[in-house]
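Q: Whatever this is, show me its structure:
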Amino acid sequence: MAADARCADFERGIALFNAGKFFEAHEAWERVWLRSSGDEKLFHQGLIQAAAALLHAEHGNQQGARSMYAKARAKLDPLPAQYKGIALAELRAALGEFFAERREGASREKRAPLLRRL
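A: Next up is the predicted model:
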């Protein structure tokens with residue numbers, strides 16, 4: 001896959017994630033992840049797992065959401081606060097708040113976190 005196609009899939013994944021289309025974001029990012037390596041591969045896998053965690057939460061599968069969120073954190077936490085043009089520290093904090101509130105029984109209507117471009 002050419003670099004332009006990877007970039008397009010990455011950007012498409014961001015738009016889909018921010019629109020709450022977590023499965024579709026996962027699919028777009030998976031094409032990029034498969035052709036990545038090193039920290040970039042971990043970054044893409046972490047985003048995919050974050051999207052999967054949010055999808056599980058959306059469908060009421062709290063155990064699956066917690067498991068996927070833990071996997072996403074393991075990939076995203078070691079990365080810098082800003083990575084590949086994404087405000088990653090903000091995303092990590094927003095995901096943490098989202099899942100903490102879910103554990104405490106907050107409304108399922110809480111908006112999922114967004115990815116912010118820098």
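Q: tell me the mean pLDDT for the host helix or strand of A28?
A: Per DSSP states H and E: A28 is located in helix 22-33. For helix 22-33, mean pLDDT is 95.
Q: now the angle between helix 22-33 and the following helix or strand past that helix, please.
A: On the C-terminal side of helix 22-33, the nearest following helix or strand under DSSP H and E is helix 38-58. Interaxial angle of helix 38-58 relative to helix 22-33 (axes from the mean of the first three to the mean of the last three C-alpha atoms, to 10 degrees): 170 degrees.
Q: Not counting its own residues, what contacts helix 38-58?
A: The contact list for helix 38-58, computed with C-beta atoms under 8 Å, 6 or more residues apart in numbering, reads 10, 13, 17, 20, 22-23, 25-26, 29-30, 32-33, 36, 62, 64-69, 71-76, 78-79, 83-84, 88, 91, 95, 98-99, 102, 108, 112-113, 115. For every residue, glycine as well, the C-beta is placed using N, CA and C.
Q: Can you tell me which of those residues are buried?
A: 10, 13, 17, 22, 25-26, 29-30, 32-33, 36, 65-66, 68-69, 71-73, 75-76, 79, 83, 88, 91, 95, 98-99, 102, 112-113, 115 (16 or more other C-beta atoms under 10 Å).
Q: now, which of those residues lie within helices?
A: 10, 13, 17, 22, 25-26, 29-30, 32-33, 65-66, 68-69, 71-73, 75-76, 88, 91, 95, 98-99, 102 (DSSP state H).
Q: Quick check: which helices or strands does the helix holding A28 pack against?
A: helix 3-18, helix 38-58 (3 or more C-beta pairs under 8 Å, 6 or more residues apart in numbering; DSSP states H and E).
Q: Of all the residues in the shortest one, which ones are buried?
A: Same thing as helix 3-18. Quick answer for helix 3-18 (16+ other C-beta under 10 Å): 6, 9-10, 12-14, 16-17.
Q: Next: the longest one.
A: Applying a neighbour-count criterion of 16+ other C-beta under 10 Å, one finds 40, 42-57 buried in helix 38-58.
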